[in-house]
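Chemist: just need the structure, nothing else, for what follows:
(2 chains)
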Amino acid sequence: MSLVRLDDVTKSVTLADDSTLEILRGVSLEVGAGDHVSIVGRSGSGKSTLLNILGMLDAPTTGTVAFEGAEVRRMRSGRLDRLRGNNVGFVFQQFNLLPGRTALDNVMMPLGHARGRMFWNRRQIAADMLERVGLGHRIDQLADRLSGGEQQRVAIARALVRRPVLILADEPTGALDIDTGASVMSLLDEVATETEAALVTITHDLHVAARARRHYRLDAGLLAPADLTRAFEASTLAEPVPAGPVTVGMSPEPAEEVAG
Amino acid sequence: MSGFFGALADAWAEIRVHKLRVLLSLIGIAVSVAALTAVIAFSEYQKQYQTEQSDRWGGRAATIAVAPYSDSGASIDVDDFSERFKRVSERFGFSHVSRTVQGLTLPVQLSEGVMDLPTRAFDPAFAAIHREKLLEGRWLRADDALALAPAIVISEPLWDRIGRVPLTQHPVLTVLGDAGGSYQVVGVTPRQGPWDEEPRIDVLYDAYTARIDGFPEGIVPVYEVWVDKQAATEIGPVLAMDLRAGLPDGVDVSVNRTDWAAQPGAEDSMATFELVTGGIAGVILALGALSLINIQLVAMRQRVREIGVRRAFGASSGRVFFSVLLESLVATTIAGVIGIAIVVAVLRSDLVVPTMFSGIQDVPPFPMRAAVIGLIASVAVGAIAGFIPALVALRVKVIDAIRF
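Modeler: Sure thing, here's the model as predicted:
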């Protein structure tokens, strides 16, 4: 069943000199329940704009966005906010945790906008979620004192705590080293699969993209299905992270060259 | 329901996280609310103080003073009028009545010679009507009139003149002239203030009149009645009519209220005092509110991202508005309560009020009005100071705030 559906979506902004910049051109995309989709593209190709539109944070200039069959354009803002809160979880590149709050407070935040049982039991639900991402022992730690990987895990717990049907991740490993990024990604994958949520990942990291089942490439505002197999093979990163300490500056050949 | 509690929880968390900023901005609010509350409380105390002061002269509300006078200059038969007044007042069933004579003098033998000292003669009820209080000893009683050495109450300056002899040693004043004899000091009234140097004698009306043939020329007793405030306007004319009936020709009687409440403008001057001081406190409060708005607005710029994140996770714009508004509201209310609590604690500590209003007898309880106005002011300031930043928060665009 279709969860989010973009039909011929364009997005353009008017610049200061009255010229129009087209960010997205005729993008159509359908994400079903439980789907894992990756979108790769260079910086400035419109990836984030696309994600904003998918997450109902931004409205397209033309074209339609439908969430579970209902057209988003027709919704009042309050209903849209509720719909987003109930169904969409975000993971940001810069984590965007609330500073000065504990990990638990951060994960509780989305539940504060929920209703009923989820609202009143928010502390327990959030604590369980942190346990699930392996941070059960750090729930009272201030978010800004955690390591990058831990912060992103808190962010994942926050994104998933309301059991959304759609998780949108924007460069989720962008601020992490390769190892940590890999473990965070496998966690995200795992939890998304577990909760049967659709996961849309935007990235320029082929490694991250490889985890998805469907791949797209966004180039100059045009979205096209991508076959990344070749890219993976060509990429040095296609292999698992090499074993043993390999540091570029200390590789033997250049050293010999210098000696020669 | 959960929306309201959620917003309240958000606001409280925000205050907790930014303790220092909130604390600093709220000191101003707490101080100004305290000032406002204190001003109103002071005006209440001031009112009581002025009332007590004027009660000493004009009697408590409502005191009706009855004085016979003659149009023709014919002498007034004081005894006859006293008798008439007694009959009438018995009919009315007055609880507090005093025949009062002011402006008398008694020649008293002091160590530096004989001095004419100002003297008042009255009935025991005078003390209640005029809020007289004692420094030492006891007040005059009705049966003191029977004593051979009449009991007197003297003022503190006079007590100083006779060397502050302890009353347990039964000091005695030797009075010369018509009403001469030994007068026993049974009580001392305190100085009204540091300026008060009047050596004065208070004696019972009956004890004094028993020793003289008649009052000195031009001195007539005033008959004071303390009546219920509401009933005063009704009693006055009826009393006057009763007393006038059958008076000798050329003699009439004046019936007036002498207490402060009957003075036009007494309430007005109090209202002016409150208005001026309240205005100053209001300005302080406005300054505090301005600085709070300022700080909140600056803080809002830093919180744009946070608000964006909240919006992304389902916070409606209304919820964000409400949270920011509540933040100020909760904070200023707490600050206000603290300010009010400090004022209450200080003013009830028995240190400030008796010092500032020396001689005040009935310290009124802390005026609820002051606390309520202080609380309303702090809530209002919170609402105003929270409204503007909340409007700013409302205009935060989620996409701009997050910037993936």
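
Chemist: average pLDDT across the helix ranked longest in chain A?
Modeler: The helix spanning the most residues in chain A, taking DSSP state H as the definition, is helix A:178-194. pLDDT averaged over helix A:178-194 equals 85, rounded to a whole number.

Chemist: show me how far it is from its chain's centre.
Modeler: From the chain centre to the centre of helix A:178-194 is a distance of 11 Å (Cα atoms, centre = their mean, to the nearest Å).

Chemist: in it, which residues are buried?
Modeler: By neighbour count, with 16 or more other Cβ atoms under 10 Å in any protein chain shown as the criterion, the buried positions of helix A:178-194 are A:180, A:181, A:182, A:183, A:184, A:185, A:187, A:188, A:189, A:191, A:192. For glycine as for every other residue, the C-beta is placed from the backbone atoms N, C-alpha and C.

Chemist: what sits against the residue in the stretch 51-200 of chain A positioned nearest to chain B?
Modeler: Nearest residue of the stretch 51-200 of chain A to chain B: residue A:85, at 1.6 Å (Cβ to the nearest Cβ). Under the criterion of Cβ atoms under 8 Å, 6 or more residues apart in numbering or on different chains, the neighbours of residue A:85 are A:110, A:113, A:114, A:162, B:313, B:314, B:315.

Chemist: okay, now the unreliable bits of the stretch 301-404 of chain B?
Modeler: Confidence mapping of the stretch 301-404 of chain B against pLDDT under 70 gives the ranges B:403-404.

Chemist: quick check: residues of it near chain A?
Modeler: Within the stretch 301-404 of chain B, the positions near chain A by Cβ under 8 Å from any Cβ of the partner chain are B:305-306, B:309-319, B:398-399, B:402, B:404.

Chemist: that older thread, tell me the predicted confidence for the residue of the stretch 51-200 of chain A closest to chain B.
Modeler: What the model reports as pLDDT for residue A:85 is 88.

Chemist: just the element for it, please.
Modeler: Following DSSP states H and E, the helix or strand that holds residue A:85 is helix A:77-87.

Chemist: give me the buried positions along that helix.
Modeler: By neighbour count, with 16+ other Cβ under 10 Å as the criterion, the buried positions of helix A:77-87 are A:80, A:81, A:82, A:83, A:84, A:85, A:86, A:87.

Chemist: and for stretch B:365-380?
Modeler: Counting neighbours by 16+ other Cβ under 10 Å, one finds that the buried residues in stretch B:365-380 are B:366, B:367, B:370, B:371, B:373, B:374, B:375, B:377, B:378, B:379.

Chemist: which residues does the second one contact?
Modeler: Yep, that's residue B:367 we're talking about. With contact set as Cβ under 8 Å, 6+ apart, residue B:367 has these partners: B:40, B:41, B:44.

Chemist: what is the neighbour count of the residue nearest to residue B:320 when sequence neighbours are not counted?
Modeler: Counting by Cβ to Cβ, 6 or more residues apart in numbering or on different chains, the nearest residue to residue B:320 once its immediate chain neighbours are dropped is residue B:393, at 5.2 Å. When neighbours are counted by other Cβ atoms under 10 Å in any protein chain shown, residue B:393 registers 25.

Chemist: is residue B:393 in a helix, a strand, or coil?
Modeler: Secondary structure state of residue B:393, per DSSP: H, G, I helix; E, B strand; the rest coil, is helix.

Chemist: wait, it sits on residue B:300?
Modeler: Yes. Under the contact definition of Cβ atoms under 8 Å, residue B:393 touches residue B:300, with a separation of 6.1 Å.

Chemist: chain A contacts on the stretch 1-150 of chain B?
Modeler: Proximity of the stretch 1-150 of chain B to chain A is confined to B:2, B:3, B:5, B:6, B:9, B:10, B:13, B:17, B:18 under the rule Cβ under 8 Å from any Cβ.

Chemist: please repeat the previous calculation with a cut-off of 6 Å.
Modeler: Within the stretch 1-150 of chain B, the positions adjacent to chain A are B:2, B:6, B:17 by Cβ under 6 Å from any Cβ of the partner chain.

Chemist: how close does residue A:97 get to residue A:63?
Modeler: Counting by Cβ to Cβ, to the nearest Å, the separation of residue A:97 from residue A:63 is 33 Å.

Chemist: more neighbours, those two?
Modeler: When residue A:97 is set against residue A:63 and neighbours are counted by other Cβ under 10 Å, the residue ahead is residue A:97, at 25 against 18.

Chemist: wait, what's in contact with the more buried one?
Modeler: Residue A:97 sits next to A:106, A:143, A:151, A:154 when contact means Cβ atoms under 6 Å, 6 or more residues apart in numbering or on different chains.

Chemist: again, 7 Å this time
Modeler: A:106, A:143, A:151, A:154, A:155 (Cβ atoms under 7 Å, 6 or more residues apart in numbering or on different chains).

Chemist: out of those residues, who's the most crowded?
Modeler: For the contacts of residue A:97, neighbours were counted by other Cβ under 10 Å; the highest total belongs to residue A:155, with 29 neighbours.

Chemist: for that residue, helix, strand, or coil?
Modeler: Here residue A:155 is helix, with the state taken from three-state DSSP.

Chemist: that one contacts residue A:91, doesn't it?
Modeler: Yes. The pair residue A:155 / residue A:91 is scored as a contact, 5.4 Å apart, by Cβ atoms under 7 Å.

Chemist: which one among the buried residues of helix A:77-87 gets closest to residue B:56?
Modeler: Residue B:56 lies nearest to residue A:81 out of the buried residues of helix A:77-87, by Cβ to Cβ, at 69.3 Å.

Chemist: ramachandran angles for the closest residue to chain A within the stretch 251-400 of chain B?
Modeler: Taking Cβ to the nearest Cβ, chain A has its nearest neighbour within the stretch 251-400 of chain B at residue B:314, 1.6 Å off. Backbone geometry at residue B:314, expressed as degrees, to the nearest 10, gives phi 100, psi 0.

Chemist: list the contacts of it.
Modeler: Under the criterion of Cβ under 7 Å, 6+ apart, the contact partners of residue B:314 comprise A:81, A:82, A:84, A:85, A:86, A:110, A:113.

Chemist: low-confidence stretches in chain B?
Modeler: B:73-74, B:264-267, B:403-404.
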